[in-house]
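[1] structure for the following, please:
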Amino acid sequence: MNTIQELKDRRDQLTLEVESIQGDLAPFEEALESPEVIQQGRQRAVQDEINDHKRRIDSRNLEISTLNQKIDRLETLANRESLAAGYLSDMANWKADEMELNEKRTSIETRLQQVRQSAHEDMAKARQAETDAATAYAQAVAWGDVEGEKAANAEAQKAAKNLMAAVEHHRRQQLLITALEQELVTIDQHITEAQKEHAKIEKGAAHLANTVLEEKWNEAAKALLETGGKLWAARDLINRDPVALMKLDIPEQGERFGSWTWHELADRSRQHSLLDLLAA
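    Numbers count the residues shown, from 1 in each chain. So this is what the prediction gives:
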């Protein structure tokens, strides 16, 4: 198997070839529209050159894309421990941020409910006090109670002042309520962002796990093929047909989409002597 550096060297070589071919292509594209080429009837030949250059470019770009996938996969496998540690750390950090934000949200929501209730109760009390003072004044007038009328009038004036103060306090409370509501909106946005980041990191971690497990699958399959090849060789030595082994079909995971079949076992069996089989 090619090393990562060998693959990178091949990619660099192909990249240079693409740049060179693109440089060679430009004159043909310019010539295609030139009066001289048109007059000489060489448009078809020039177009063929253009098509040939583009095919060569496409072929190399396709190989570069394939190499990029192989390099990414090999680098992922080589760095899987540090990548996994990074994912775990990042997920823990974002989860901790989300928990902290939820705690803040709960605290602000509790405070908001308290302010709303207090604002409602304070206004209700002030209005009720004014109503009670007016009722007492009316009763004093009705009964001709001069002293009671004076006292009720004083209470009514006091209640009116208290109501005005309550209205101003209520206005300030409404400003506080609006600010707390806006803070909740901001915190909810941060919570959503934390959840999205956590989900994105989880997806990256899942892709890493998938790549690592694909490689482990392939390694386990190759170990099974090695044993299967020896078993095939042993059955050949005792003139016993390996019929059951012919059902073998193990899908290869990762960048390839083939399968390992009994042909692989038959090929491997030829590599083993009786001494190899006894040492197995």
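[2] isn't Met91 up against Ala199?
    No: with contacts counted by CB atoms under 8 Å, Met91 stays clear of Ala199, the gap being 9.8 Å. Heads up, the C-betas are built off the backbone N, CA and C, glycines and all.
[3] neighbour count for these two, which is higher?
    Using other CB atoms under 10 Å as the criterion, Met91 and Ala199 rank with Met91 on top: 17 against 12.
[4] ok, now which ones touch that one?
    His198, Ile201, Glu202, Ala205 (CB atoms under 8 Å, 6 or more residues apart in numbering).
[5] could you say which helix or strand holds it?
    helix 80-143 (DSSP states H and E).
[6] ok so, going back, of the contacts of Met91, which is the most crowded?
    Ile201 (20 neighbours).
[7] now the contacts of Met91 in TSV, with distance to Ser269 and secondary structure?
    Shown next, in TSV, are these (distance: CB to CB, whole Å; DSSP: H, G, I helix; E, B strand; the rest coil):
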residue	distance to Ser269	secondary structure
His198	51	helix
Ile201	47	helix
Glu202	45	helix
Ala205	41	helix
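[8] with respect to Asp58, which of those residues is nearest?
    Among the contacts of Met91, Ala205 lies closest to Asp58 (CB to CB), at 35.0 Å.
[9] any idea how far the closest one is from His263?
    37 Å (CB to CB, to the nearest Å).
[10] ok, now Val146?
    In terms of CB to CB, Val146 sits 120 Å off from His263.
[11] what about Glu19, how many residues nearby?
    Neighbour count of Glu19, defined by other CB under 10 Å: 11.
[12] one more: Tyr87?
    19.
[13] try Lys104
    For Lys104, the number of neighbouring residues by other CB under 10 Å comes to 15.
[14] pretty sure it sits against Thr186.
    No: in this structure Lys104 lies outside contact range of Thr186 using CB under 8 Å: 10.1 Å.
[15] the helix holding Met91: how far from the chain's middle?
    Centroid separation for helix 80-143 versus its chain: 34 Å, with CA atoms, centre = their mean, to the nearest Å.
[16] and stretch 229-247, by the same measure?
    48 Å.
[17] show the end-to-end separation of it, please.
    14 Å (CA to CA, to the nearest Å).
[18] now it: mean pLDDT?
    Averaging pLDDT along stretch 229-247 yields 93.
[19] how is the chain carved up into domains?
    The record's domain parsing of the chain by automatic domain parsing lists 4-78, 88-201, 220-279.
[20] select, out of those domains, the one closest to Asn210.
    Nearest to Asn210, of all those, is domain 220-279, at 8.9 Å by CB to CB.
[21] distance between the ends of the closest one?
    Start-to-end span of domain 220-279 (CA to CA) is 20 Å.
[22] return the distance of that domain from the chain's centre.
    Domain 220-279 has its C-alpha centroid displaced from the chain centroid by 41 Å (CA atoms, centre = their mean).
[23] renumber starting at 281 from here on
    Happy to do that; since the first residue is 281 now, the last one works out to domain 500-559.
[24] okay, helices next: where are they in the stretch 431-560 of the chain?
    For the stretch 431-560 of the chain, the helices defined by DSSP state H, counting those that start in this stretch occupy 542-549, 554-559.
[25] now what about the last one, what contacts it?
    Applying CB under 8 Å, 6+ apart, the contact partners of helix 554-559 are Lys510, Ala513, Ala514, Leu517.
[26] of those, keep whichever come out buried.
    Lys510, Ala513, Ala514 (16 or more other CB atoms under 10 Å).
[27] and the helices of the stretch 431-560 of the chain, which one averages the lowest pLDDT?
    helix 554-559 (a mean of 91).
[28] ranges for the strands of this protein?
    Shown for the chain, the strands assigned by DSSP state E span residues 529-531, 539-541.
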